[in-house]
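Chemist: Pasting a predicted model and its sequence here:
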Amino acid sequence: MAKEERNWHPNFKKYMEKIIQHPNYTGMPEIHKKDGSILWITAGKGRIGKERTKWWDKKREELGIDKKIKWISETAKKNHPTGRKPCQICGEEMELAYVYPYVGVLAKINAIPKINGFFDVYYSINDIIKEGAKLGGEEFFKELRKIFKIPAKVKDSVEAFQSYITENCKTKLSPGAMSNAPDRLDGFHTYNKCCRATHDTGRHKSNLQRYVQDRRAYENWAEGDWKAAERLMGEFHKHGLSADHIGPISLGFCHRAKFQPMSREANSAKNNRMSLNDVQILLADEAKGQKVVSWHSKFVWDALKSRVKTDAQAKLVSRLMRKNLHHVLSIFAKINAEDGKEFLIRNFLHPEHSYYDVKFTGFNPETGGFEKMKKIEGDKKQYKNNVQRYIRISFESLGHYIDKDNRVVSSWNNLKVDEVLSKAVASLKAGNEDTCKENLSNTLKLLAEDAVKEFESEQV
Ligand SMILES: [Zn+2]
């Protein structure tokens, strides 16, 4: 097996086994290589590719498809037993039908009020309409009508919108995976749409810059041993892997030296999104006495964590935690503007991790685990420089973060929150830091209550 194939996602490997055993692919030329592994990829113009093209042509006749342009992709689609396939990179399944909005269309949908960036690349238009109706109500239908140019005769209902859009708006939709017969055994690219965009074209530079700056804000204002986490992440990068926090720091979780290995493409596709399984791992870590969430986000996490029973609920909690962290960073920026810099440093930054370096031995790229972690002390002068640098970057990143005028996450709409937050600022000005922190925790409790209400109102 080629090196890259060995690293394919386990879901994809299971899928390959199922496909070659399925009667729809009986007689496919040279399914196995000499070493017994599956010959999934061939060059269409090579000997095996030509034989496989003949096989597809027979299949076409069987299925009654005319031999016109694109006959082979049409045949591959019709021949596929389930109409869904997992992605070789991230392992998530997507549909082969044209049901996924193009990037620009998805961005417009995500900008609809109350949607607030809820939908990621894995959502089909059918699921978007179903979930979006719950989140956005009448306004969602109104905006979606504009985006897809839906005529007035189509009424505001989930089913009516689903059938109109899937039948009439193909130019705004793309399949979960592009056809690629005869080069791939099943006739489709091994990458799904989720991981293809980041793989093929890379991110737009300004998006990348924004991503780096935001990430810095999340990291620096998170709890956890950031030095150890940074160094362990370096070990992943040396192996061409991306380090995925089970509890993403962009949702308010700690920056812990605990990651699961993932390809870079899969990680950026999965960004900001927890599954039910992720939530369960975090709960198990907490049961073992580990601290998984930062102080500023524990209120919302504690209020919602035990309610998560499905992947959809895990996604919803992810969105509510993302919103919470946005509020937290806005609050920190406000405190900073009210001469609260020293207060913020004392209570929320962790310069103590600048005092040493960390080295890992026996790193295992398969599991993300390691044998030993060793802390190495530096000299006094180094500490001082490192601490200053860390604090400078923390405030710089906070400034950049709130400077963005095109954020889709809205601010709170709760006068009680404003009131308690003003009390926090007043106590800070009076020199009473303990009262200030108490008022801040009351502010975050109120915001957590709002999040619970939102969670409940979106459950049907
Ligand atoms: Zn993927």
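Modeler: Now that the structure is in, tell me what you want to look at.

Chemist: contacts, neighbours, all on C-alpha from now
Modeler: Will do.

Chemist: Now do Arg231 against Asn277, distance only.
Modeler: 26 Å (Cα to Cα, to the nearest Å).

Chemist: the more surrounded of those two?
Modeler: Set Arg231 next to Asn277 and count neighbours by other Cα atoms under 10 Å: Arg231 wins out with 17 against 14.

Chemist: State the pLDDT value of the more buried one.
Modeler: Listed pLDDT for Arg231 reads 87.

Chemist: For it, which residues are in contact?
Modeler: Residues near Arg231 by Cα atoms under 8 Å, 6 or more residues apart in numbering: 358-360.

Chemist: Could you identify the buried members of those residues?
Modeler: Using 16 or more other Cα atoms under 10 Å as the burial test, the contacts of Arg231 include 358, 360 as buried.

Chemist: Show me which residues of the longest helix anywhere in the chain are buried.
Modeler: Counting by DSSP state H, the longest helix found in the chain is helix 311-337. The neighbour-count check on helix 311-337 (16+ other Cα under 10 Å) flags 311, 313-333, 335-336 as buried.

Chemist: how about the CA coordinates for stretch 97-116, as PDB?
Modeler: This file holds the C-alpha atoms of stretch 97-116, laid out as PDB (Å, rounded to 0.1, in the frame of the first residue of the first chain):
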ATOM      1  CA  ALA A  97     -26.000  14.300  -4.900                       C
ATOM      2  CA  TYR A  98     -25.900  18.100  -5.700                       C
ATOM      3  CA  VAL A  99     -27.100  19.200  -2.200                       C
ATOM      4  CA  TYR A 100     -24.300  21.300  -0.700                       C
ATOM      5  CA  PRO A 101     -24.300  25.100  -1.200                       C
ATOM      6  CA  TYR A 102     -21.300  26.600  -2.800                       C
ATOM      7  CA  VAL A 103     -19.000  28.600  -0.400                       C
ATOM      8  CA  GLY A 104     -20.400  32.000  -1.300                       C
ATOM      9  CA  VAL A 105     -24.000  30.800  -1.000                       C
ATOM     10  CA  LEU A 106     -23.200  29.200   2.400                       C
ATOM     11  CA  ALA A 107     -21.700  32.400   3.600                       C
ATOM     12  CA  LYS A 108     -24.900  34.300   2.700                       C
ATOM     13  CA  ILE A 109     -27.000  31.700   4.500                       C
ATOM     14  CA  ASN A 110     -24.800  32.000   7.500                       C
ATOM     15  CA  ALA A 111     -25.200  35.800   7.500                       C
ATOM     16  CA  ILE A 112     -28.900  35.500   8.000                       C
ATOM     17  CA  PRO A 113     -30.000  36.900  11.400                       C
ATOM     18  CA  LYS A 114     -30.200  34.200  14.100                       C
ATOM     19  CA  ILE A 115     -28.200  31.800  12.000                       C
ATOM     20  CA  ASN A 116     -24.900  33.400  13.100                       C
END
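
Chemist: Run through who's touching that stretch.
Modeler: Here stretch 97-116 has contacts from 83, 117-119, 121-126, 132, 135-136, 139-140, 143-144, 147, 166, 170, 172-176, 408-410, using Cα under 8 Å, 6+ apart.

Chemist: buried stuff in stretch 350-359?
Modeler: Buried-residue list, stretch 350-359, by 16+ other Cα under 10 Å: 350-351, 353-356, 358.

Chemist: where are the low-confidence patches of the chain?
Modeler: 1-7, 197-211, 263-271, 403-410, 460 (pLDDT under 70).

Chemist: Spell out which parts of it neighbour the ion.
Modeler: 87, 90, 194-195 (Cα under 5 Å from the ion).

Chemist: Which of these fall within strands?
Modeler: Among the residues of the chain next to the ion, no member is found in strands (DSSP state E).

Chemist: residue ranges of the helices in the stretch 151-300 of the chain, please?
Modeler: Taking DSSP state H, counting those that start in this stretch, the helices of the stretch 151-300 of the chain run over residues 158-168, 193-200, 205-220, 226-238, 264-270, 276-287, 295-304.

Chemist: can you give me phi and psi for Lys85?
Modeler: phi -150, psi 150 (degrees, to the nearest 10).

Chemist: Excluding covalently adjacent residues, which one is nearest to it?
Modeler: Leaving out its chain neighbours, the residue that sits closest to Lys85 by Cα to Cα, 6 or more residues apart in numbering is Glu93, at 5.1 Å.

Chemist: if we can go back for a sec, other SSEs contacting the longest helix of the chain?
Modeler: Where contact means 3 or more Cα pairs under 8 Å, 6 or more residues apart in numbering; DSSP states H and E, helix 311-337 is packed against helix 276-287, helix 295-304, helix 341-348, helix 380-403, helix 433-457.

Chemist: buried subset of the contacts of stretch 97-116?
Modeler: Going by neighbour count (16+ other Cα under 10 Å), the contacts of stretch 97-116 have 117-119, 121-126, 132, 135-136, 140, 143-144, 166, 172-176, 408-409 buried.

Chemist: Report the distance from the longest helix of the chain to the chain centre.
Modeler: 15 Å (Cα atoms, centre = their mean, to the nearest Å).
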